[in-house]
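Chemist: Give me a model of this one.
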Amino acid sequence: MKCLVVIAHPLHDSLCHALAERAIAALRAAGHEVVVEDLCAGFDPCLSAAERECYYAPQYDAAAVRAEAARLLAAEGLVLCFPTWWFGFPAVLKGWFDRVWAPGIAYDHASDLGPIRPRLAGLRRTLAVTSLGSPWWVDRLVLRRPLRRVLKTAILGTCAPACRFEMLSLYGAEKLAPTQVEAFGRRIEAVLAGWS
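Modeler: Below is the predicted model:
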């Protein structure tokens, strides 16, 4: 498959980057074509006034994100590697969704402003890999996994409804033993081993 790995962490020596490298190596070892998009290496997450004004125009002006849009449209597999901060996406990843998963790229508006029509029919598999400082029970029991719900239902569910989605969350990320990181890396490899 053609796989896009999107990394959203500003520190190159971070746990997120290490997990992304593990995913990239697993994909390449399985023979997949891998393109890496490091959002913190220069992507501007701010939706411009001009971009927002044309959201409902006959044609969305994607000129500023043409390369990112082309990589998304070409992807059959998508791996998102990011930290969960305040139980939300890092700003750069949220901005990537705002600017790249846009009308005419990820979806089309209905003529009556009803439900949007998906455009990412080629996207078959998505894996979200995230780290959280909090314990598992806060994310799962108190907040009910907000990012998983947003990714599965609001983003992929509307733009790529046939895409199979999985999410791996590494909890207590500030105080992990190397063995815990290694075990989580093996979980990433096991999920990606099933991609075909």
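Chemist: Excluding residues flanking it in the chain, which one is nearest the residue nearest the centre of the chain?
Modeler: For the chain, the residue sitting closest to the mean C-alpha position, by Cα atoms, centre = their mean, is Leu80 at 3.5 Å. In space, and not counting its chain neighbours, Leu80 is closest to Ala128: 4.6 Å by Cβ to Cβ, 6 or more residues apart in numbering. Yep, even glycine has a C-beta here, placed from its N, CA and C like the rest.
Chemist: hmm, back to that, can you confirm the residue nearest to the centre of the chain is in a strand?
Modeler: Yes - the assignment for Leu80 is a strand, going by DSSP: H, G, I helix; E, B strand; the rest coil.
Chemist: And it, how far from Trp86?
Modeler: Distance, Leu80 to Trp86, by Cβ to Cβ, to the nearest Å: 17 Å.
Chemist: Identify the residues contacting the residue located most distally from the centre of the chain.
Modeler: Centroid-distance maximum for the chain: Asp112 at 29.2 Å, with Cα atoms, centre = their mean. Contact partners of Asp112, counting by Cβ atoms under 8 Å, 6 or more residues apart in numbering, are absent.
Chemist: start the count at 204, not 1, going forward
Modeler: Got it, the first residue is 204 from now on, which makes the last one we talked about Asp315.
Chemist: so it, which of the three states?
Modeler: coil.
Chemist: which secondary element of this structure has the worst mean pLDDT?
Modeler: Sorting the helices and strands of the chain by mean pLDDT, DSSP states H and E puts helix 339-340 at the bottom, at a mean of 76.
Chemist: what's near enough to touch the closest residue to Ala363 other than its chain neighbours?
Modeler: Nearest residue to Ala363 in three dimensions, chain neighbours excluded: Leu323, at 3.8 Å (Cβ to Cβ, 6+ apart). Counting by Cβ under 8 Å, 6+ apart, Leu323 touches Leu275, Leu276, Ala309, Tyr310, Cys362, Ala363, Cys366.
Chemist: Relative to Gln383, how far out is Leu323?
Modeler: 34 Å.
Chemist: Who does Leu330 form a beta bridge with?
Modeler: Val282, Glu369 (DSSP bridges).
Chemist: got the contact list for it?
Modeler: Neighbours of Leu330 in contact, by Cβ under 8 Å, 6+ apart: Ala226, Gly280, Leu281, Val282, Leu283, Phe368, Glu369, Met370, Leu371, Ile391, Val394, Leu395.
Chemist: of the residues you listed, buried ones?
Modeler: If you count burial by 16 or more other Cβ atoms under 10 Å, the buried members of the contacts of Leu330 come out as Ala226, Gly280, Leu281, Val282, Leu283, Phe368, Met370, Leu371, Ile391, Val394, Leu395.
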